Structures are given as C-alpha cells and as structure tokens.
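Chemist: Dropping a prediction and its sequence here:
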Amino acid sequence: MQSDTSAFAISREIDVAESIRGFREHGIVQIPGIFEAGTAERLHRCLIDEVPWGLAYELAGKPQYLDSARLAATAPEAMQDIERQIFREAAAGFQYRYFNYPILDAYLQKWPNEVPLLHAFLEFINGPQWLSLIRQVSGIHELIKCDAQASLYGPGCFLHRHSDAQSREGWRIAYVLGLTRSWRPEYGGTLQFLDDQGNTTLGLLPQFNTLNMFAVPRWHMVTHVPPYAPAERYSITGWLRDR
Ligand SMILES: O=C(O)CCC(=O)C(=O)O
Ligand SMILES: [Fe+2]
C-alpha cells in the first residue's frame with residue numbers, strides 16, 4: 001500500500017440511514033452521488049482516456065481475456081471466429097462479453113500498462129473509510145476486503161444471468177460504481193435482478209456516480225447493448241469479502 005489516495009472523497013451528503021433501510025429491506029441498495037463531484041469526474045476521465053481495455057468472455061466454461069495488446073494484434077478473421085464462438089456459447093447457456101481492466105490482477109501482477117489512479121482507487125476502497133461505510137450500510141461487519149475491475153459495455157456487450165455464488169471465496173456483497181453519463185433504457189446495459197423463474201424483479205439503469213450494492217448470491221444479469229447504442233457504459237465493479 002503506497003499510492004496517494006487523497007484523490008478520493010466520499011460525499012458528505014449520502015443519506016446513510018436511508019441506505020441502511022434499503023439494504024436491510026431488499027438486500028439491494030442504490031446510493032446516488034456517492035463521491036464528491038471531482039472524484040467521480042476524475043475516475044470517469046480515467047476510464048475514458050487511460051484504461052487499456054481488454055475483452056472478457058468465456059469458452060467452455062473457462063474465463064478468457066484478450067488484453068488490449070492482443071486485442072489490437074488479432075486479425076479481423078480471427079476476431080470473427082472468436083465472436084462466433086462467443087455467440088455459440090451464449091445461445092446455449094452462460095456467457096458474457098464485455099471490455100474490462102482487472103484492477104486487482106493488474107495490481108498484484110504488476111502489469112506494465114498499469115493505471116495508477118485505479119491502483120490508488122483499489123487501495124482507497126480497501127481503506128478504513130470505504131470499508132466502514134459499506135459495513136455500516138450492509139450491517140455485515142465481517143467485510144475485510146474488496147476487489148475491483150473496470151468495465152465497459154458497448155454495442156454487443158452483455159453478461160448473462162448468474163448469481164455470484166462464491167461464498168467459499170468470501171463474496172458477500174457485489175458492488176457496481178456507475179460512471180456512465182446520459183444513458184437511455186433503449187441502450188440496454190441494465191442491471192437486472194431476476195426471480196427463480198427468470199422474471200425481472202428490478203432493473204437499474206446505468207447512472208453516473210451512483211453505487212449499487214447487493215447481497216450475493218442473487219440472480220442478476222446485464223442486458224445486451226444493441227449495435228446502434230451510441231454510448232458506452234462505464235463502471236467499476238467487484239465484491240466485498242469476508243475472507
Ligand atoms: O456491471 C454490472 O452492473 C454487474 C456486473 C456483475 O454482475 C458481475 O461482474 O458479476
Ligand atoms: Fe454479478
């Protein structure tokens with residue numbers, strides 16, 4: 001831990017009591033205006049300008065990652081092949097396709113194209129201020145750490161229904177820090193919660209400087225972004241863990 005985390009300021013205007021009530025009642029809560037405006041702005045600009053996005057998807061149940069260098073070096077025909085495989089598996093079962101930057105992996109493995117602001121952010125959300133806010137809102141006092149990835153959903157991106165059931169890894173809460181401006185429901189990218197029958201129980205539109213957090217396991221997905229969407233859905237997401 002050695003980054004400068006002073007770039008990050010949690011808003012003093014959060015309605016903590018209302019957030020506690022919401023989480024207790026629904027296991028899901030949305031906190032608008034979570035950071036001071038300058039913090040959100042800086043993170044947003046970083047995602048737009050500085051992140052070397054790679055492509056995340058699965059093949060035969062195994063996570064795949066084409067990092068930004070390999071993505072740029074993959075010939076169009078080879079890329080079409082990959083996209084066909086992604087679609088084939090999407091039609092048959094679980095699949096996802098979105099751009100991401102795995103902040104924790106990059107941090108631990110000291111990636112050469114590291115993004116210093118995101119590494120500082122990872123340290124900040126593992127610091128006392130952030131963890132105590134999340135413990136307070138969730139009532140889960142055993143939370144000890146938090147991982148993070150930056151994600152970008154543009155046209156053709158989606159994340160199929162899953163529940164984040166990884167209690168052996170210590171996953172207790174999933175969070176999504178929305179850093180998306182001017183989104184419309186027609187652009188997809190909605191974080192949908194589902195019941196056991198697959199009915200949508202709640203859909204959250206991408207927002208700017210808004211924190212979604214929910215107890216896991218719980219069925220959820222990110223809806224497909226159509227080819228005509230003129231915007232990109234940016235967020236930082238991860239899980240809060242008790243081990
Ligand atoms: O981006 C989102 O809204 C949710 C992401 C998610 O569910 C996941 O990464 O497991
Ligand atoms: Fe998830």
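Modeler: Arrived safely, thanks for sending. Residues are numbered from 1 along each chain as shown. Ligands and ions are numbered 1, 2, ... in the order given.
Chemist: rest of the way, CA atoms for contacts and neighbours
Modeler: Will do.
Chemist: got a list of what the residue of the chain found nearest ligand 1 touches?
Modeler: When distances are taken as Cα to the nearest ligand atom, the chain approaches ligand 1 most closely through Leu191, which lies 4.7 Å from it. If you count contacts by Cα atoms under 8 Å, 6 or more residues apart in numbering, Leu191 has them with 203-206, 220-223.
Chemist: Next: Glu25.
Modeler: By Cα under 8 Å, 6+ apart, the contact set of Glu25 is empty.
Chemist: measure it to Gly170 for me?
Modeler: In this structure, Glu25 and Gly170 are separated by 22 Å, where distance is defined by Cα to Cα, to the nearest Å.
Chemist: again, but for Ser6
Modeler: The gap separating Ser6 from Gly170 is 28 Å, by Cα to Cα.
Chemist: What does Ile34 show for phi and psi?
Modeler: Dihedral angles of Ile34 (phi, psi; degrees, to the nearest 10) stand at phi -70, psi -40.
Chemist: Surely it and Phe208 touch.
Modeler: No - using Cα atoms under 8 Å, Ile34 makes no contact with Phe208, being 9.6 Å away.
Chemist: The residue lying closest to His141 once chain neighbours are set aside: what's it in contact with?
Modeler: Once flanking residues are discounted, His141 sits nearest to Arg135: 5.2 Å by Cα to Cα, 6 or more residues apart in numbering. The neighbourhood of Arg135, defined by Cα under 8 Å, 6+ apart, consists of 141-143.
Chemist: which outside residues touch the host helix or strand of Gln64?
Modeler: Using DSSP states H and E, Gln64 sits within strand 62-66. In this structure, residues lying in contact with strand 62-66 by Cα under 8 Å, 6+ apart are 54-58.
Chemist: need the strands for this protein, in chain order.
Modeler: Under the criterion DSSP state E, strands of the chain are mapped to 28-32, 54-59, 62-66, 96-101, 145-146, 149-153, 158-162, 171-179, 191-194, 200-204, 208-215, 220-222, 233-241.
Chemist: Within range of ligand 1, give me the residues from the protein.
Modeler: Contact residues, the chain versus ligand 1 (Cα under 6 Å from any ligand atom): 176, 191, 221-222.
Chemist: who's the residue lying closest to Ala150 once chain neighbours are set aside bridged to?
Modeler: When the adjacent residues along the chain are set aside, Ala150 lies closest to Ile236, with 4.3 Å between them (Cα to Cα, 6+ apart). Counting by DSSP bridges, Ile236 forms beta bridges with Ala150, Leu177.
Chemist: Hmm, Ile236 is touching Gly178, no?
Modeler: Yes - in terms of Cα under 8 Å, Ile236 counts as a neighbour of Gly178; the distance is 6.8 Å.
Chemist: where are the low-confidence patches of this protein?
Modeler: Of all residues in the chain, those with pLDDT under 70 make up the ranges 1-2.
Chemist: Let's see that with 80 instead.
Modeler: 1-3 (pLDDT under 80).
Chemist: Show me what Met221 is bridged to.
Modeler: Those that pair with Met221 in a beta bridge, by DSSP bridges, are Gln192.
Chemist: which ones are touching it?
Modeler: 158-162, 191-193.
Chemist: now do Ala106
Modeler: Taking Cα under 8 Å, 6+ apart as the test, what Ala106 contacts is Glu114.
Chemist: Just want to check the distance between it and Glu186.
Modeler: As for Ala106, its distance to Glu186 is 33 Å (criterion: Cα to Cα).
Chemist: same thing with Phe94?
Modeler: Using Cα to Cα, which is the criterion applied here, Phe94 is 23 Å from Glu186.
Chemist: ok, now Glu232?
Modeler: Distance of Glu232 to Glu186, computed by Cα to Cα: 13 Å.
Chemist: So between these two, which is more surrounded?
Modeler: More crowded of Glu232 and Glu186, by other Cα atoms under 10 Å: Glu232, with 22 against 12.
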